[in-house]
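1. give me a 3D structure for the following:
(chains A and B)
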Amino acid sequence: QVQLQQWGAGLLKPSETLSLTCAVYGGSFSEYYWNWIRQSPGKGLEWIAELDHRGGTKNNPSLKGRVTVSIDTSKKQFSLKLTSLTAADTAVYYCQLSVTRFGGLIVNYWGQGSLVTVSS
Amino acid sequence: EIILTQSVGTLSLSPGERATVSCRASQSVPYTHLAWYQQKPGQAPRLLIYGASSKTTGIPDRFSGSGSGTDFTLTINRLEPEDFAVYYCLQYGSPPYTFGQGTKLEIK
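-> All right, here's what the predicted structure looks like:
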């Protein structure tokens, strides 16, 4: 049974840096894609960044270079840093692991979500 | 950036009916990398469909996806009470990956 557990500070001030970590428990994967996705209160979903099994990364340019994602494969942890926070960054942040299994089947696993509030 | 438009914001149907949720892309979605997610209040989204028409594990047969290019559809046959939720399409063929704004399926 694969589970994702995420953690990080929930209340931050404007201009501070958001730091979230997501760990995977159970399972082993050869082809995988880690994603961070956020959802502003009462709003839709926004993709933030992806890091894949080859070490490639993709970021959403709307976040203007404020995003850094990294992975510690030995700990099976995936991290997000988002700098220069504003109130517009207030959202529930989700980590997501997309795994391609035998035969091309794609399976998603999600963290429980972290509410991050940016307020002075 | 590919913009996804789900033209219907709210769909009001009764259990047992068929739901059709549409998603239109501003340009062709590469590799038909279009997914559908279901989200219930307080929960993370749940993957239903990937590659426009392939179901992930554990998804009931009443869910199906179709489409290619710029027009995609999620169909739910014989709605069950647990199907009433918000549905999002996602294109993951061309970064930045983008979501539709969501279609809320509510009980009529």
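2. who touches residue B:8 in this structure?
-> Contacts for residue B:8 (Cβ atoms under 8 Å, 6 or more residues apart in numbering or on different chains) come out as B:21-22, B:103. Where you see a C-beta, it was placed from the backbone N, CA and C, and this is true even at glycine.
3. all strands for the chain, in order.
-> Picked chain A for this. For chain A, the strands defined by DSSP state E cover A:3-8, A:11-12, A:18-25, A:32-39, A:45-52, A:57-59, A:67-72, A:77-82, A:91-100, A:106-110, A:114-118.
4. sorry, should have said chain B
-> With DSSP E as the criterion, chain B has strands at B:4-5, B:10-13, B:19-25, B:34-39, B:46-50, B:54-55, B:63-68, B:71-76, B:86-91, B:98-99, B:103-107.
5. let's have those in CSV, adding distance to chain A.
-> Formatted as CSV, these follow (distance: least, Cβ to the nearest Cβ, whole Å):
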stretch, distance to chain A
strand B:4-5, 10
strand B:10-13, 14
strand B:19-25, 13
strand B:34-39, 8
strand B:46-50, 4
strand B:54-55, 7
strand B:63-68, 13
strand B:71-76, 15
strand B:86-91, 6
strand B:98-99, 4
strand B:103-107, 11
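6. and the ones you listed: which comes nearest residue A:45?
-> The closest of those to residue A:45 is strand B:98-99. By Cβ to Cβ, the value is 4.3 Å.
7. show me what the closest one is in contact with.
-> Residues outside strand B:98-99 that contact it (Cβ under 8 Å, 6+ apart): A:44-47, B:1-4, B:88-91.
8. what count of nearby residues applies to residue A:61?
-> Residue A:61 has 11 neighbours, counted by other Cβ atoms under 10 Å in any protein chain shown.
9. quick one, what contacts it?
-> residue B:96.
10. just want the most central residue of chain B.
-> Against the mean C-alpha coordinate of chain B, by Cα atoms, centre = their mean, the closest residue is residue B:36 at 3.7 Å.
11. tell me what it is bridged to.
-> Beta-bridge partners for residue B:36, by DSSP bridges, are residue B:49, residue B:89.
12. and if you look at residue A:47?
-> residue A:37.
13. so what's residue B:19 closest to, chain neighbours aside?
-> Excluding the flanking residues, the one nearest residue B:19 by Cβ to Cβ, 6 or more residues apart in numbering or on different chains is residue B:76, at 4.3 Å.
14. wait, isn't that neighbour in contact with residue B:63?
-> Yes. Contact criterion Cβ atoms under 8 Å: residue B:76 and residue B:63 qualify, at 5.6 Å.
15. have a look at those two and say which one is more surrounded.
-> Between residue B:76 and residue B:63, counting by other Cβ under 10 Å, residue B:76 is the more crowded of the two (24 against 18).
16. list the contacts of that one.
-> Applying Cβ under 8 Å, 6+ apart, we find residue B:76 in contact with B:18-19, B:21, B:62-63, B:83, B:105.
17. including neighbour count, pLDDT and distance to residue A:38, could the contacts of residue B:8 go into JSON lines?
-> Shown next, in JSON lines, are the contacts of residue B:8 (neighbours: other Cβ atoms under 10 Å in any protein chain shown; pLDDT from 0 to 100; distance: Cβ to Cβ, whole Å):
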{"residue": "B:21", "neighbour count": "23", "pLDDT": "98", "distance to residue A:38": "23"}
{"residue": "B:22", "neighbour count": "17", "pLDDT": "98", "distance to residue A:38": "25"}
{"residue": "B:103", "neighbour count": "22", "pLDDT": "97", "distance to residue A:38": "20"}
